[in-house]
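>>> quick check, what structure comes out for this input:
(chains A and B)
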Protein chains: 2
Amino acid sequence: MDEKINVTIVGYGNIGRGAHLAIGNPDNSDMNLVGIISRRPEIVANEVRNIPVFDANDEASWRGLDADVAILCGGSAEDLPKQGPYFAQFFNTLDSYDDHPHIPPYHDKKTGKDMPGYFKDMDIPARESNHTSAISIGWDPGLFPLIKILSDSFFSGMKSYGFYGLEPRGGLSMGHTNAIKRLKGVMDAAQYTHAYPEAMKRVRSGENPDLKPGDMHWRECFVSVEEGVDKEGMKGIEKKIKKMPRYYKPYYTEVNFISQEEMDANHSDMPHDGVVIAAGTTGDGHKVLMEFKVQWESNPEATASIMVPYARAVYRANQRGDYGAKTIINLLPDSVSSSSKEELIERI
Amino acid sequence: MDEKINVTIVGYGNIGRGAHLAIGNPDNSDMNLVGIISRRPEIVANEVRNIPVFDANDEASWRGLDADVAILCGGSAEDLPKQGPYFAQFFNTLDSYDDHPHIPPYHDKKTGKDMPGYFKDMDIPARESNHTSAISIGWDPGLFPLIKILSDSFFSGMKSYGFYGLEPRGGLSMGHTNAIKRLKGVMDAAQYTHAYPEAMKRVRSGENPDLKPGDMHWRECFVSVEEGVDKEGMKGIEKKIKKMPRYYKPYYTEVNFISQEEMDANHSDMPHDGVVIAAGTTGDGHKVLMEFKVQWESNPEATASIMVPYARAVYRANQRGDYGAKTIINLLPDSVSSSSKEELIERI
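Down below sits the predicted model:
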């Protein structure tokens, strides 16, 4: 373990920047950032100093890069489905793929085709090239399903629930925000998810209720529009938002149009929070309750801070010959820490 | 995975009974209880039906038992230090050893000797006989250190803290209760641990304070005495309790003497609860907060419910040739669940 783990960051947006910061943490001093791979190399090179920046589209430029793990920081909607399987041919990889329904095999309604899903899409190129590719690492997916799967194993008949947006302000969802930003006429957007406290109360009581997505959360949207979009145009945007399948249709949704100034002043932070609640009984009806709560003032920085130590786990799994796609539950918890085996036994 | 995992329970006290119940959970239908090994076989045989009961002291009677994993349900103070290394010669094992300072190598002040610690004491016989022995499985030790080690890996400079006894009633600590029960003149006892809410507040604020054990918790004791113990005798017992090193000396401690009737009526339940809190920052000072909270109406049943699925993880590690002592961080999370690989990918 004396040699450093060489990592490269692919994609330098909010999560990429967060990963850069996290690699600088003293606990990650066993890691070495050997380069950043970006589709906007000139812009990134202006922002970072002393780190080589490569053009993602110029494969020859980074093929020889001595990286043990590539931390893929692209988005799940457009970047990772292509980038993931591509980079898995060349490096061990790690990503925060969060399009939950598309991780296992699924049926694509648009094309009518049965699709293998992201896990399989990563597993094949990784295995063929003797690489290890951890997918969906972060807090959700990531820590939340880890806690859910463990707690559901302990207590039979128990269902665990994830709630998001606990504080009055709610949690800023990047995916839902981006879905609005892609609409015509929209300049900027921020979507806050809010959990219904009454639904959380029901879950805590142990009744294991049957809750639909719209019973657990509602969605608050702030939108600024481009010049020339009038009241009618705004009405059209609001309608389009509320009709979006999966993202907004199942939820009570509020849309507020605000100026870009107000957007910049009040909605440039990226806070998020959430809780996994699992309640049930043991023996003759003795109640059990487990709650795992997280609160982040910067969601992308927190996500990246979780991803970077998992690059260590990916590297170690690969060193052991454990190839192919992995999720958080397929990686050994001790391999995430930079502490020695002896230090870890001290802390048990 | 089609064949059932044969398990045996060693020690039929509160945790042993809880393990028996947990093996009956539908999620554990891949397990089969092939026998109970006890030092009081006649008494246990009267309590359980249809399960063979063996005398722990009659090795010949259970040596041929076809058990894949022995779930050791004895106590940490007197049972496990002997039972653990002994049974690790014959079976894969799993226990809830919770004498934290004696898990790594330690110096024994009484004898003046350097001791190898429980991890090493289990590792040697397990390796010599190609067995896998998971130690310190439960919620604490167990899930709490798992969460602590992970969270400390994510955020540099962050310290995680464990608090116990959150509800007004506090949490019943079996170890501290038993320490009182061993005193001369004591008939029965119950010790409730209480966390100081102000200390939890300081930790949540992110200041990562330097807290001594007595700054985090206080201890409330209820004691009934044997016939003939007078006021002077009670004073002596109270003094002895408050002077006990590690258990009581570092804490503010209240001792209440009550009748055995009151003890039976109000203190026969075994509730416990606790929380791991980790707070810090990412990037330029964005706050992060993680909390993992558990509440159990029956501490031994909850502990056993966590232990039993980990027997599956021990069995699978052994099948892979992963021998020796393991703690919770050395076992793969997916191997704890009875769900198939495909089902688990669905749930990520």
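>>> from here on, contacts and neighbour counts on C-alpha atoms
Noted.
>>> so how far is residue B:162 from the residue most central in space within chain A?
Centroid-nearest residue in chain A: residue A:96, 4.1 Å away (criterion: CA atoms, centre = their mean). When distance is defined by CA to CA, to the nearest Å, residue A:96 is 29 Å away from residue B:162.
>>> likewise residue A:208?
In terms of CA to CA, residue A:208 sits 28 Å off from residue B:162.
>>> residue A:138 too?
Between residue A:138 and residue B:162 the distance is 23 Å, computed by CA to CA.
>>> mind checking which of the two has more residues around it?
Using other CA atoms under 10 Å in any protein chain shown, the more surrounded residue of residue A:138 and residue B:162 is residue A:138, with 24 against 19.
>>> spit out the contact partners of that one.
A:96, A:303, A:304, A:306, A:307 (CA atoms under 8 Å, 6 or more residues apart in numbering or on different chains).
>>> mind running it again at 10 Å?
For residue A:138, the contact set (CA atoms under 10 Å, 6 or more residues apart in numbering or on different chains) comprises A:95-98, A:144, A:299-300, A:302-308, A:310, A:328.
>>> quick one: which of those sit in helices?
In this view, the contacts of residue A:138 that belong to helices under DSSP state H are A:144, A:299, A:300, A:302, A:303, A:304, A:305, A:306, A:307, A:308, A:310.
>>> what's the closest non-adjacent residue to the fifth one?
This points to residue A:303. The shortest distance from residue A:303 to any residue other than its chain neighbours is 4.9 Å, reached at residue A:138 (CA to CA, 6 or more residues apart in numbering or on different chains).
>>> just the pLDDT for that neighbour.
The model reports residue A:138 with a pLDDT of 97.
>>> equivalent analysis for residue A:164, please.
Per-residue pLDDT puts residue A:164 at 97.
>>> does the nearest residue to it once chain neighbours are set aside count as helix, strand or coil?
In this structure, residue A:164 finds its nearest non-sequential neighbour in residue A:274, 4.1 Å apart by CA to CA, 6+ apart. Following DSSP: H, G, I helix; E, B strand; the rest coil, the label given to residue A:274 is strand.
>>> contacts only, for residue A:274.
Contacts of residue A:274 (CA under 10 Å, 6+ apart): A:139-140, A:144, A:162-167, A:170-171, A:193-195, A:292-296, B:290.
>>> ok, 6 Å please
Each residue near residue A:274 by CA atoms under 6 Å, 6 or more residues apart in numbering or on different chains is listed here: A:163, A:164, A:165, A:293, A:294.
>>> just say helix, strand or coil for residue A:32.
Applying three-state DSSP: residue A:32 is strand.
>>> same deal with residue A:65?
Under three-state DSSP, residue A:65 comes out as coil.
>>> tell me how far it lies from residue B:250.
When distance is defined by CA to CA, residue A:65 is 55 Å away from residue B:250.
>>> do residue A:264 as well
For residue A:264 relative to residue B:250 (CA to CA), the value is 52 Å.
>>> same deal with residue A:9?
48 Å.
>>> so these two - more neighbours on which side?
Legend: neighbour count by other CA under 10 Å for residue A:9 and residue B:250, higher for residue A:9 (27 against 17).
>>> wait, that one sits on residue A:36?
Yes: if you go by CA atoms under 6 Å, residue A:9 and residue A:36 touch, sitting 4.8 Å apart.
>>> now the least confident helix or strand in chain A by mean pLDDT, how far from the centre of its chain.
Ranked by mean pLDDT, DSSP states H and E, the weakest helix or strand in chain A is helix A:174-181, scoring a mean of 91. Counting by CA atoms, centre = their mean, to the nearest Å, helix A:174-181 is centred 14 Å from the centre of its parent chain.
>>> does anything pack onto it? Which helices or strands?
strand A:186-195 (3 or more CA pairs under 6 Å, 6 or more residues apart in numbering or on different chains; DSSP states H and E).
>>> could you look up the SS state of the residue of chain A positioned farthest from its centre?
In chain A, the greatest distance from the average C-alpha position (CA atoms, centre = their mean) is reached by residue A:284, at 39.2 Å. At residue A:284 the chain is in coil, as set by three-state DSSP.
>>> pLDDT at it, what is it?
With respect to pLDDT, residue A:284 has a value of 80.
>>> picking up where we left off before, could I have the buried ones of the contacts of residue A:274 as PyMOL selection syntax?
In PyMOL, a selection of the buried entries from the contacts of residue A:274 looks like this (16 or more other CA atoms under 10 Å in any protein chain shown):
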select buried, chain A and resi 163+164+165+293+294
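>>> could you redo the contacts of residue A:274 as TSV and give each row secondary structure?
Formatted as TSV, these follow (three-state DSSP):
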residue	secondary structure
A:163	strand
A:164	strand
A:165	coil
A:293	strand
A:294	strand
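>>> could I have stretch A:180-192 exported to CSV, CA atoms only?
C-alpha atoms of stretch A:180-192 as CSV (Å, rounded to 0.1, in the frame of the first residue of the first chain):
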residue,chain,number,x,y,z
ILE,A,180,-36.5,21.9,-16.4
LYS,A,181,-33.4,23.6,-17.7
ARG,A,182,-33.7,21.6,-20.9
LEU,A,183,-37.1,23.1,-21.7
LYS,A,184,-37.4,25.7,-24.4
GLY,A,185,-37.6,29.3,-23.1
VAL,A,186,-36.1,28.4,-19.7
MET,A,187,-33.0,30.4,-18.7
ASP,A,188,-32.3,28.9,-15.3
ALA,A,189,-34.1,26.7,-12.7
ALA,A,190,-33.9,25.2,-9.2
GLN,A,191,-36.1,22.4,-8.0
TYR,A,192,-36.5,21.7,-4.3
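>>> tally of neighbours for residue A:322?
19.
>>> what are the phi and psi values for it?
Torsion angles at residue A:322 (phi, psi; degrees, to the nearest 10) stand at phi -90, psi 90.
>>> low-confidence ranges, chain A, go.
A:1-2 (pLDDT under 70).
>>> now the helices: where do they sit in it?
Ranges of helices in chain A, per DSSP H, are A:14-23, A:41-47, A:59-62, A:80-87, A:118-128, A:143-154, A:174-181, A:197-204, A:213-216, A:231-243, A:260-266, A:299-319, A:341-347.
>>> just these: most buried one?
Comparing these by mean neighbour count (mean count of other CA atoms under 10 Å in any protein chain shown), helix A:299-319 comes out on top with a mean of 25.
>>> and it, C-alpha only, in PDB?
Taking Å, rounded to 0.1, in the frame of the first residue of the first chain, the C-alpha atoms of helix A:299-319 are listed here in PDB:
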ATOM      1  CA  ASN A 299     -24.700  18.100  -2.500                       C
ATOM      2  CA  PRO A 300     -22.000  17.700  -5.300                       C
ATOM      3  CA  GLU A 301     -19.100  18.200  -2.900                       C
ATOM      4  CA  ALA A 302     -20.600  15.600  -0.500                       C
ATOM      5  CA  THR A 303     -21.200  13.200  -3.300                       C
ATOM      6  CA  ALA A 304     -17.600  13.600  -4.600                       C
ATOM      7  CA  SER A 305     -16.300  13.200  -1.000                       C
ATOM      8  CA  ILE A 306     -18.000   9.800  -0.800                       C
ATOM      9  CA  MET A 307     -16.800   8.800  -4.300                       C
ATOM     10  CA  VAL A 308     -13.100   9.500  -3.900                       C
ATOM     11  CA  PRO A 309     -12.500   7.100  -1.000                       C
ATOM     12  CA  TYR A 310     -14.400   4.500  -3.000                       C
ATOM     13  CA  ALA A 311     -11.800   4.800  -5.800                       C
ATOM     14  CA  ARG A 312      -9.500   3.200  -3.200                       C
ATOM     15  CA  ALA A 313     -12.000   0.300  -2.800                       C
ATOM     16  CA  VAL A 314     -12.200  -0.100  -6.600                       C
ATOM     17  CA  TYR A 315      -8.400  -0.200  -7.000                       C
ATOM     18  CA  ARG A 316      -8.100  -2.800  -4.200                       C
ATOM     19  CA  ALA A 317     -10.800  -5.000  -5.600                       C
ATOM     20  CA  ASN A 318      -9.100  -4.900  -9.000                       C
ATOM     21  CA  GLN A 319      -5.700  -5.700  -7.400                       C
END
